[in-house]
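>>> Got a predicted structure plus its sequence, pasted below:
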Amino acid sequence: MPQYVVVQVTLKEKFIGTGSKNLSELENVINTQAAKGYRLHTITASSAHSTGFGGGDRIQATMVFEKV
């Protein structure tokens, strides 16, 4: 039976691009799990408006990693 790890990351801006640092944050999570012997199986993203500290739109990325 395969082993899975689920990681959720809240990205700071709605848009993914070079200035947002979202790609490097996702890259760090993926590399960390890869070093533990997991591969990225699935990634989903959902957008939500935040009225809390800092406000603005956020993206919730959910990644499922499978043990290799």
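Perfect, thanks for sending it. Numbers count the residues shown, from 1 in each chain.
>>> Quick one: the helices in this protein, in order.
With DSSP state H as the criterion, the chain has helices at 22-35.
>>> Which stretches in it count as strands?
Under the criterion DSSP state E, the chain contains strands at 4-11, 38-49, 57-67.
>>> want to throw these into TSV with mean pLDDT, distance to Glu25 and mean neighbour count?
For every residue, glycine as well, the C-beta is placed using N, CA and C. Conversion of these to TSV gives the following (pLDDT from 0 to 100; distance: least, Cβ to Cβ, whole Å; neighbours: other Cβ atoms under 10 Å):
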stretch	mean pLDDT	distance to Glu25	mean neighbour count
strand 4-11	93	6	14
strand 38-49	89	13	12
strand 57-67	90	9	16
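>>> Turn these into JSON lines, including distance to Asn22.
Formatted as JSON lines, these follow (distance: least, Cβ to Cβ, whole Å):
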{"stretch": "strand 4-11", "distance to Asn22": "4"}
{"stretch": "strand 38-49", "distance to Asn22": "10"}
{"stretch": "strand 57-67", "distance to Asn22": "7"}
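>>> nearest to Ser24, of these?
Shortest separation from Ser24 across those is recorded for strand 4-11, at 10.8 Å, computed as Cβ to Cβ.
>>> Need the residues that contact that closest one.
20, 22, 25-26, 29, 33, 38, 41, 58-67 (Cβ atoms under 8 Å, 6 or more residues apart in numbering).
>>> now Tyr4: how far from Thr10?
According to Cβ to Cβ, to the nearest Å, Tyr4 and Thr10 sit 20 Å apart.
>>> per-residue confidence at the closest residue to Lys67 other than its chain neighbours?
Closest residue to Lys67 apart from its sequence neighbours, by Cβ to Cβ, 6 or more residues apart in numbering: Gln3 at 3.9 Å. Gln3 is assigned a predicted lDDT (pLDDT) of 97.
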